[in-house]
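Asks: Sequence plus predicted model, see below.
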Amino acid sequence: MPLNPYNLRAKDFFAQYQSLSFEQLHNDWIPQLDNKTGLALDVGAGSGRDALALSERGWDVVAVEPAAELRRLGESATAYRSIQWVDDSLPDLTQIRKLSYRFDLILVSAVWMHLPPTARERAFRILTELLGPSGLLVITLRHGPGDGEREFHEVSRAELDRFAHQRAVMPVPLPEMPRTDQLNRADVWWETAVYRLPDDGTGALPTLRHIIVNDNKSSTYKLGLLRTLVRIADSAPGLVLKRTDDWVELPLGAVGLFWLMLYHPLVLRHRLRQAPGSGGYGFAAEDFYNLKKLTPLDFRVGLSLSADQAPVVLRAIRVAAANILKNPARFTTWPGSNRPIFEGGASRFTIRNEPARLDRETLARFGQFRVPALLWDTLSRYACWVEPAIVNEWINLMGSWEVRYSADSYHQALQWVEGRRDTSGVRKLVDQQLSRGRVECVWTARNLAKISYDIDHCFPWSRWSNNDLWNLLPATHRANAAKSEKLPSDSLLKQARPRIIEWWEQAIIGTDREPQFFSEAEAALPLLNDKRTVEGVFESMLQQRLRLKTNLQLAEWLGV
């Protein structure tokens with residue numbers, strides 16, 4: 001869709017959109033909301049009028065607007081509301097799909113007529129794939145001639161109904177009422193189409209259950225691969241290299257790295273059998289056993305390895321990755337078929353005796369690993385339910401080989417090694433900065449020089465264990481205690497933005513910790529990609545906040 005008119009005349013369009021109210025335009029379908037709230041997507045959000053109205057009704061909103069000038073005005077008009085703005089557009093919604101959200105409401109208002117007919121079926125399919133169970137898709141259709149400035153196409157409700165039938169979404173009947181144009185254009189009239197997704201429609205959860213419970217297993221490897229992918233989807237979504245309609249592409253090295261972090265304590269510390277018999281493991285060559293000198297926390301994503309450590313870790317990753325492709329990826333198949341669910345390929349490169357950082361670029365040198373997109377989204381959204389099911393089946397499997405251990409022993413061995421709630425490194429940074437000048441509490445702006453202070457996990461450790469530098473922030477003891485294990489609200493986090501960015505620039509940027517800061521953020525935060533700036537990290541934090549609220553249903557903190 002050409003965006004020039006919307007950028008060149010952004011103020012005119014903004015004023016036009018703001019001259020009409022949300023209720024005035026959408027009174028025919030608003031009763032379908034039934035006073036419910038949830039996560040909404042406003043596609044072609046324009047001035048932010050509808051996004052703001054939904055936010056005021058209690059919804060969290062992701063507002064999509066591709067016209068930069070109009071988006072800038074909309075962001076300004078909706079500041080400090082629970083609205084995240086994203087530069088994206090139909091038919092692909094590439095950025096939105098990277099977030100793996102499922103929306104309770106998708107509103108496509110005064111947009112559909114801009115899409116060429118050849119793009120509509122694909123756009124409708126992508127919109128329905130973004131719906132959550134019982135989610136509503138609302139599309140308004142403009143009928144009548146164009147204005148000679150923007151590109152318009154003929155649209156029809158019958159076409160949408162045909163797409164809906166193909167995608168198994170149900171039309172929602174609306175009261176018959178005239179929809180004359182609210183701007184009094186005599187030759188323009190409007191129609192509303194509403195559809196509801198009766199269930200999740202993906203089949204991903206039954207597929208996962210089949211792999212976890214029913215699929216034949218001669219070792220723990222299939223469970224190990226699933227848990228590895230769950231961990232990446234939940235804690236390191238920023239590692240995704242590419243996403244298409246059908247596939248999510250990961251660095252093969254990331255799959256190998258998380259695999260090593262998973263099997264390291266099981267084999268090297270607890271010495272639990274991962275297959276029947278007394279044979280060795282295909283992924284465990286000499287370098288794997290040399291990792292016994294380290295803990296999994298010593299080679300996690302984002303860290304820099306010395307010239308002595310790097311070759312050992314990288315070689316161990318390479319052997320593990322090759323074994324994953326050869327065994328669990330090859331033999332994990334779709335129910336009732338011999339067709340592998342996962343795909344991947346290794347790349348050749350030379351491992352040198354020199355320092356290396358375990359960032360996305362390094363991990364991508366090993367090759368690529370592809371996960372079906374719908375399965376990836378399910379792993380991302382339901383990680384807190386899927387992972388315990390994997391662990392439970394893993395315990396049953398190990399227990400069938402070694403009955404001499406208790407279930408508690410197996411549970412302890414299968415705990416993901418997160419380390420302890422460690423804030424000591426950032427506390428030293430605060431002390432260093434206080435010796436030179438002022439450090440402010442990010443939540444209250446109080447000077448920490450003469451009062452008791454804490455290091456706060458912005459996103460609570462108890463629900464999302466993360467000790468990354470970007471997630472550890474200076475705060476007064478009172479604010480930290482009041483926040484406890486709650487998630488900062490969208491408005492509170494936005495109000496704290498200048499203080500958070502000032503802290504990063506004051507203590508981290510320009511120091512030897514800067515590469516670690518950005519590598520950790522790149523792995524853990526969605527949509528950061530190559531935007532390695534403090535502003536980019538903060539914007540990605542806003543998206544991660546919404547992911548945690550949506551996926552984990554965390555309580556919010558509004559401040560002291």
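Replies: Sure, I can see it. Numbers count the residues shown, from 1 in each chain.

Asks: Just give the nearest non-adjacent residue to Thr94, would you?
Replies: Asp88 (6.3 Å; C-beta to C-beta, 6 or more residues apart in numbering). The C-beta positions use only the backbone N, C-alpha and C, and glycine is treated the same way.

Asks: Could you pull up the contacting residues of the one you found?
Replies: Asp88 is in contact with Val64, Pro66, Thr94, Gln95, Ile96, counting by C-beta atoms under 8 Å, 6 or more residues apart in numbering.

Asks: Am I right that the fourth one is in a helix?
Replies: Which is Gln95. Yes: according to DSSP: H, G, I helix; E, B strand; the rest coil, Gln95 belongs to a helix.

Asks: Next one, pLDDT for the closest residue to it other than its chain neighbours please.
Replies: Using C-beta to C-beta, 6+ apart and skipping the chain neighbours, the partner closest in space to Gln95 is Asp88 (4.2 Å). Looking at Asp88, its pLDDT is 96.

Asks: Give me the distance between Asp88 and Glu176.
Replies: Distance of Asp88 to Glu176, given as C-beta to C-beta, to the nearest Å: 34 Å.

Asks: try Arg381
Replies: Arg381 sits 37 Å away from Glu176 when distances are taken as C-beta to C-beta.

Asks: what does Phe103 give?
Replies: From Phe103 to Glu176 the distance is 27 Å (C-beta to C-beta).

Asks: who's more crowded, those two?
Replies: Between Phe103 and Glu176, counted using other C-beta atoms under 10 Å, the more crowded position is Phe103 (25 against 6).

Asks: distance of the more buried one from Leu434?
Replies: Phe103 is 44 Å from Leu434, by C-beta to C-beta.

Asks: again, but for Leu107
Replies: 48 Å.

Asks: who's more crowded, the two?
Replies: Neighbours were counted for Leu107 and for Leu434 using other C-beta under 10 Å; Leu107 has more, 25 against 16.

Asks: The helix or strand containing that one pairs with which strands, parallel or anti?
Replies: Element membership for Leu107 (DSSP states H and E) is strand 103-108. Strand pairing for strand 103-108, using DSSP bridges, gives strand 39-43 (parallel), strand 131-143 (parallel).

Asks: Identify the residues contacting it?
Replies: Outside strand 103-108, the residues within contact range by C-beta under 8 Å, 6+ apart are 33, 36-44, 50, 54, 59, 62, 90, 127, 130-132, 134-140.

Asks: which of the residues you listed are buried?
Replies: Buried by 16 or more other C-beta atoms under 10 Å: 33, 38-44, 50, 54, 59, 62, 90, 127, 130-132, 135-140, out of these.

Asks: ok, Leu127 touching Leu137?
Replies: Yes: here Leu127 reaches Leu137: they are 5.8 Å apart, a contact under C-beta atoms under 8 Å.

Asks: on that earlier part again, least confident of the strands paired with strand 103-108, on average?
Replies: Sorting the strands paired with strand 103-108 by mean pLDDT places strand 131-143 lowest, at a mean of 93.

Asks: next helix or strand past that strand?
Replies: Using DSSP H and E, the next helix or strand after strand 131-143 towards the C-terminus is helix 157-167.

Asks: From Phe369, how far off is Gly345?
Replies: According to C-beta to C-beta, Gly345 and Phe369 sit 8 Å apart.

Asks: Which one's more surrounded, these two?
Replies: Phe369 (28 against 11).

Asks: ok, back up a step: can you classify the residue nearest to Thr94 by secondary structure?
Replies: Classification of Asp88 by three-state DSSP places it in coil.

Asks: What of Gly344?
Replies: Assignment for Gly344 (three-state DSSP): strand.

Asks: ok, now Leu257?
Replies: Going by three-state DSSP: Leu257 is helix.

Asks: My guess is it contacts Ile317. True?
Replies: Yes: between Leu257 and Ile317 there is a contact at 5.5 Å, judged by C-beta under 8 Å.

Asks: where do the contact lists of the two overlap?
Replies: Leu363.

Asks: Now do the closest residue to Pro335 other than its chain neighbours, the pLDDT please.
Replies: Leaving aside its sequence neighbours, Pro335 sits nearest to His210 (C-beta to C-beta, 6+ apart; 4.7 Å). Looking at His210, its pLDDT is 83.

Asks: I'd guessed His210 sits against Gly336; true?
Replies: No: with contact defined as C-beta under 8 Å, His210 does not count as touching Gly336 (9.1 Å).

Asks: Pass me the low-pLDDT residue ranges in the protein, would you?
Replies: 1-3, 177-178, 199-202, 419-420 (pLDDT under 70).

Asks: center of it - which residue?
Replies: Nearest residue to the geometric centre of the chain (C-alpha atoms, centre = their mean): Leu99, 4.0 Å.

Asks: Pretty sure it sits against Arg547.
Replies: Yes: contact criterion C-beta under 8 Å: Leu99 and Arg547 qualify, at 6.8 Å.

Asks: what do the two both touch?
Replies: Common neighbours of Leu99 and Arg547, counting by C-beta under 8 Å, 6+ apart, are Pro526.

Asks: Give the closest residue to Gln412 in space, chain neighbours not counted.
Replies: Nearest residue to Gln412 in three dimensions, chain neighbours excluded: His270, at 7.8 Å (C-beta to C-beta, 6+ apart).

Asks: cool, Pro515 as well?
Replies: Spatial nearest neighbour of Pro515, excluding adjacent residues (C-beta to C-beta, 6+ apart): Arg357 at 6.4 Å.

Asks: what's the spacing between the most far-flung residue of the chain relative to its centre and Leu20?
Replies: Here the centre of the chain is the reference, and by C-alpha atoms, centre = their mean the most remote residue is Ala186, at 44.9 Å. Ala186 is 17 Å from Leu20, where distance means C-beta to C-beta.

Asks: follow-up on the earlier one: will you turn the strands paired with strand 103-108 into TSV that also has distance to His153?
Replies: Converted to TSV, these look like this (distance: least, C-beta to C-beta, whole Å):
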stretch	distance to His153
strand 39-43	16
strand 131-143	10
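
Asks: With respect to Asp512, which of the ones you listed lies nearest?
Replies: Judged by C-beta to C-beta, the one of these that comes nearest to Asp512 is strand 39-43, at 39.4 Å.

Asks: Now the next helix or strand along the chain from that closest one - C-alpha only, PDB.
Replies: Moving toward the C-terminus from strand 39-43, the next helix or strand (DSSP H and E) is helix 49-56. Backbone C-alpha positions of helix 49-56 (Å, rounded to 0.1, in the frame of the first residue of the first chain) are rendered in PDB as follows:
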ATOM      1  CA  ARG A  49      -8.000   6.600  18.300                       C
ATOM      2  CA  ASP A  50      -9.300   3.000  18.500                       C
ATOM      3  CA  ALA A  51      -6.200   1.700  20.300                       C
ATOM      4  CA  LEU A  52      -6.700   4.400  22.900                       C
ATOM      5  CA  ALA A  53     -10.400   3.600  23.400                       C
ATOM      6  CA  LEU A  54      -9.600  -0.100  23.800                       C
ATOM      7  CA  SER A  55      -6.800   0.700  26.300                       C
ATOM      8  CA  GLU A  56      -9.200   2.800  28.300                       C
END
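
Asks: quick check: angle from helix 49-56 to strand 39-43?
Replies: Per axes from the mean of the first three to the mean of the last three C-alpha atoms, to 10 degrees, the angle that helix 49-56 makes with strand 39-43 is 170 degrees.

Asks: Could you name the helices and strands sitting against the helix or strand just after helix 49-56?
Replies: The helix or strand immediately downstream of helix 49-56 is strand 60-64, counting by DSSP H and E. The helices and strands touching strand 60-64, judged by 3 or more C-beta pairs under 8 Å, 6 or more residues apart in numbering; DSSP states H and E, are strand 39-43, helix 49-56, strand 83-86, helix 534-552.

Asks: deepest of those, which one?
Replies: Neighbour counts (mean count of other C-beta atoms under 10 Å) averaged over each of the helices and strands packed on strand 60-64 peak at strand 39-43, with a mean of 25.

Asks: what's in contact with it?
Replies: 48, 50-51, 54, 59-64, 90, 93, 96, 101-109, 111, 127, 130, 132, 546, 550.

Asks: dump the residue contacts of Leu130.
Replies: Counted by C-beta under 8 Å, 6+ apart, Leu130 has contacts Leu41, Leu93, Ile96, Arg97, Tyr101, Arg102, Phe103, Ile106.
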